[in-house]
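1. model the following, please.
(2 chains)
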Amino acid sequence: MRSLMCGEVGEEHVGSVLTVCGWVARRREHGEHLAFLDLRDHTGIVQCVVDGAADLRSEWVVRVTGTVRLRPEGTINEQLATGAVELGDCRVEVLNTAEPPPFPLDERAADVDEVVRLRHRYVDLRRVEMQRNLRTRARVLGAIRRSMDAQGFVEVETPLLIASTPEGARDFVVPSRQRPGSFYALPQSPQLFKQLCMVGGVDRYYQVARCLRDEDLRADRQFEFTQLDAEMSFADQEDVLDVITAAVDAAVRSVRTGAPGGGGGSALDGVEAGIGEVPRMSWREAVDRFGSDKPDIRFGMELTELTDLFADTGFNAFRAPSVKGIRHAGASGSTSRSLLDDLTETAKRWGAKGLVWMRVEEGEDGGVRLVSPVAKFMSDAELAGVASRLDAQVGDVLYLVADEWAATTHVLGLLRLELGRPPTSEGGLRFLWVVDFPLFESIDAVTGRPVPAHHPFTMPHPDDLAALDGPSEGLLAVRSQAYDLVLNGWELGSGSVRIHRRELQQQVLDLLGIGPEEAADRFGFLLDAFRFGAPPHAGFAFGIDRLVALLLGEDNIREVIAFPKTQSGTDPLTGAPTSVDPAQLAELGLRTLPPRG
RNA sequence: GGUCCCGUGGUGCAGUUUGGAGUGCACGCCGGCCUGUCAAGCCGGAGGUCGCGGGUUCAAAUCCCGUCGGGACCGCCA
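-> As a prediction, this is how the structure comes out:
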């Protein structure tokens, strides 16, 4: 039907009679003697010249046969990859007509209401950016699969209809027709199945797995998302980090060396070949310095420790377990009083008791002077200490928070991002392994039991095993062999070494207050499996959507998903979710309640 | 569960602060002209439930209340 793709027509074809197919991107008609037609397919655009009137409209589907020729002098289009040539003496066959597109398909589409794009996603996907994103995603997936294959992993598919377990995120639930009143759950991840694969001697498992979680959506979260899920036997944390680093490296390289028209975004600036050695940081250090367990290390503005300066302060609000500050360099001129008030309100919404701001001005002695509503409550020594620790320069704004360590770091971490975070497409790719996560996140105030930070099968750090037998105050200090991969402040994925011996597993479950009966009820099949020779194993999973989005400089994963849902979980294209026929419900033994409220 | 922002011909916007006739801009669309354009150009035209509902007012796109849709975020996401 066609002899070449539109974007492939070049000077080497001059003189050949070629046939191309595609959509009418634009037409420029000059009366009944001459018309130009820009024909588009996913490879690009080629100009076709018709010696006569061309009765065509935008987005009509046509087949054009013509003779490739060099464009006349002065009419070469440098903007176009095929701009040196054109298809002349064209014969145009209309394969299909089309209504005018509901929004412009050129670069102006970036400004169009996303709902309009999603409602007509099939048109949106014709755009060069969406084609680039889809094809980059496919190339990343291919590179990851090849890397995992080469490292001896075998792809195993696991079920989509599984048993619901109460841990973690809210499950999507599927009613059973054959057993009315019973339900399947869609997997939040293949976690338990991949561990069963380890018991089953698969040795090295991976899967490009769809995962589903019924939680509120965000720019980096959809109900359904795609993960590279992996698990390996007879392996420790180092082995997993090596394997995953290699897979991500392959993904990054595949984008950098991609085909024309499918290249990456400016996020790849500064990445020479691959991702190189990925730095590591302990969870404690990450939270302490950046106020986040997924620090964006593309920029500084680190949290500075000030607690000891205020140990004996007369400023009661600052007599707190943790006082920290950040410095917004040179921002005083662009930071109005009303903005400071807004930031204070925002900080309170984030959970701060308050936010202290200080403008750095020139002092009488030539040094700096901190100007703040609360400066009068602080001693000269305290103010001097703050200025010194934060390296305050005239024109800066300082922000201080005093609270429990977790609250102080949380609020300042969010404020740091709010004030200093570069755009998604700038600052290069800054990967980071965050290691030594705590085993327990907190102690439940009601039950007195520790709450797991990862999941109950996470192996404690070998050096901290003794503390498991100690008092509950010491439990929060127990580290786990869990690790996260972070890229530019996005959590790409996480993993852990798993507990493979029953005694330790039982001890952890006991600590969590999960008795043998409850354990058997919730994941007895896994504990049973561990009775039959479970090898030591460890694994990881990371989000493909997020990785591809960041590689392309997109700040929203919807841009790298062909048919995503809106933030409220609807699909403007199909109308999902919809009601179903009452007969369908009856067959499933279901009846809906009247709407709440 | 919560905070903030947005909603005006097919698309993007201005108009809303300070109420006064659906007023304006660009693109697109329809028709005409046009033999080297490339976001072609020129001329003409059509196209509106100012998201929806209620209230205040002589008068509401504009002010107030509610609601729907969308987005960003907090909580949530072991």
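2. looks to me like residue A:414 is in a helix.
-> Yes: the assignment for residue A:414 is a helix, going by DSSP: H, G, I helix; E, B strand; the rest coil.
3. for chain A, which helix is longest?
-> helix A:128-150 (DSSP state H).
4. other SSEs contacting it?
-> Counting contacts by 3 or more Cβ pairs under 8 Å, 6 or more residues apart in numbering; DSSP states H and E, helix A:128-150 packs against strand A:154-155, strand A:204-212, strand A:224-233, helix A:237-256, helix A:544-551. The C-beta positions use only the backbone N, C-alpha and C, and glycine is treated the same way.
5. out of these, which is the most enclosed?
-> Most buried of those, by mean neighbour count (mean count of other Cβ atoms under 10 Å): helix A:544-551, with a mean of 26.
6. may I have that one exported as PDB, CA atoms only?
-> This file holds the C-alpha atoms of helix A:544-551, laid out as PDB (Å, rounded to 0.1, in the frame of the first residue of the first chain):
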ATOM      1  CA  ILE A 544       8.100   2.000  34.600                       C
ATOM      2  CA  ASP A 545       5.600   4.800  34.200                       C
ATOM      3  CA  ARG A 546       7.600   7.100  36.500                       C
ATOM      4  CA  LEU A 547      11.000   6.200  35.000                       C
ATOM      5  CA  VAL A 548       9.800   6.800  31.400                       C
ATOM      6  CA  ALA A 549       8.100  10.100  32.400                       C
ATOM      7  CA  LEU A 550      11.300  11.400  34.100                       C
ATOM      8  CA  LEU A 551      13.500  10.200  31.100                       C
END
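7. where does the stretch 201-350 of chain A dip in pLDDT?
-> Counting by pLDDT under 70, the ranges of the stretch 201-350 of chain A that qualify are A:257-273.
8. strands along that one, start to end?
-> Counting by DSSP state E, counting those that start in this stretch, the stretch 201-350 of chain A has strands at residues A:204-212, A:224-233, A:280-282, A:304-305, A:322-328.
9. pLDDT score for the nearest residue to residue A:241 once chain neighbours are set aside?
-> Among residues not flanking residue A:241 along the chain, residue A:433 sits closest, at 6.2 Å (Cβ to Cβ, 6 or more residues apart in numbering). Note on residue A:433: pLDDT of 97.
10. which strand residues bridge residue A:433?
-> With DSSP bridges applied, residue A:433 shows beta-bridge pairing to residue A:280, residue A:485.
11. repeat for residue A:38
-> With DSSP bridges as the rule, residue A:38 is bridged to residue A:26, residue A:47.
12. what's the local residue count around it?
-> Burial measure for residue A:38: 19 neighbouring residues, criterion other Cβ atoms under 10 Å.
13. which pLDDT does the model give it?
-> With respect to pLDDT, residue A:38 has a value of 96.
14. pretty sure it contacts residue A:45?
-> Yes: Residue A:38 lies in contact with residue A:45 (Cβ atoms under 8 Å); the separation is 5.1 Å.
15. give the residues shared as contacts by those two.
-> residue A:25 (Cβ atoms under 8 Å, 6 or more residues apart in numbering).
16. now do the same end-to-end measure for stretch A:223-240.
-> The straight-line separation of the ends of stretch A:223-240 (Cα to Cα, to the nearest Å) is 27 Å.
17. contact partners for the spatially closest residue to residue A:371 that is not a sequence neighbour?
-> Closest residue to residue A:371 apart from its sequence neighbours, by Cβ to Cβ, 6+ apart: residue A:359 at 4.5 Å. Residues in contact with residue A:359 (Cβ under 8 Å, 6+ apart) are A:332, A:335, A:370-372, A:396-397.
18. most neighbours of all these, which one?
-> residue A:397 (25 neighbours).
19. on that earlier part again, need the strands of the stretch 201-350 of chain A in TSV (columns: distance to residue A:503).
-> Below are these laid out as TSV (distance: least, Cβ to Cβ, whole Å):
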stretch	distance to residue A:503
strand A:204-212	25
strand A:224-233	20
strand A:280-282	28
strand A:304-305	40
strand A:322-328	37
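20. what residues does the stretch 301-450 of chain A have near RNA strand B?
-> A:349-351, A:410, A:414, A:441 (Cβ under 7 Å from any atom of the strand).
21. of the residues you listed, buried ones?
-> With neighbours counted using 16 or more other Cβ atoms under 10 Å, those contain these buried positions: A:350, A:410, A:414.
22. please enumerate the helices of the stretch 51-200 of chain A.
-> A:114-119, A:121-124, A:128-150, A:191-199 (DSSP state H, counting those that start in this stretch).
23. what is the mean pLDDT for the longest one?
-> Okay, so that is helix A:128-150. The model assigns helix A:128-150 a mean pLDDT of 96.
24. quick check: buried residues in that helix?
-> Within helix A:128-150, the residues that count as buried by 16+ other Cβ under 10 Å are A:128-134, A:136-137, A:139-141, A:143-145, A:147-148.
25. could you list the alpha-carbon positions for it in PDB?
-> This file holds the C-alpha atoms of helix A:128-150, laid out as PDB (Å, rounded to 0.1, in the frame of the first residue of the first chain):
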ATOM      1  CA  VAL A 128       4.500  13.900  17.700                       C
ATOM      2  CA  GLU A 129       5.000  14.200  21.500                       C
ATOM      3  CA  MET A 130       2.700  11.300  22.300                       C
ATOM      4  CA  GLN A 131       4.200   9.100  19.600                       C
ATOM      5  CA  ARG A 132       7.600   9.900  21.000                       C
ATOM      6  CA  ASN A 133       6.400   9.000  24.500                       C
ATOM      7  CA  LEU A 134       4.800   5.700  23.500                       C
ATOM      8  CA  ARG A 135       7.700   4.600  21.500                       C
ATOM      9  CA  THR A 136      10.200   5.600  24.100                       C
ATOM     10  CA  ARG A 137       8.200   3.600  26.600                       C
ATOM     11  CA  ALA A 138       8.300   0.600  24.400                       C
ATOM     12  CA  ARG A 139      12.000   1.000  23.900                       C
ATOM     13  CA  VAL A 140      12.600   1.200  27.600                       C
ATOM     14  CA  LEU A 141      10.500  -1.900  28.200                       C
ATOM     15  CA  GLY A 142      12.500  -3.800  25.600                       C
ATOM     16  CA  ALA A 143      15.800  -2.700  27.000                       C
ATOM     17  CA  ILE A 144      14.800  -3.700  30.500                       C
ATOM     18  CA  ARG A 145      13.600  -7.100  29.300                       C
ATOM     19  CA  ARG A 146      16.800  -7.700  27.400                       C
ATOM     20  CA  SER A 147      18.900  -6.700  30.500                       C
ATOM     21  CA  MET A 148      17.000  -8.900  32.800                       C
ATOM     22  CA  ASP A 149      17.100 -11.800  30.300                       C
ATOM     23  CA  ALA A 150      20.900 -11.300  30.000                       C
END
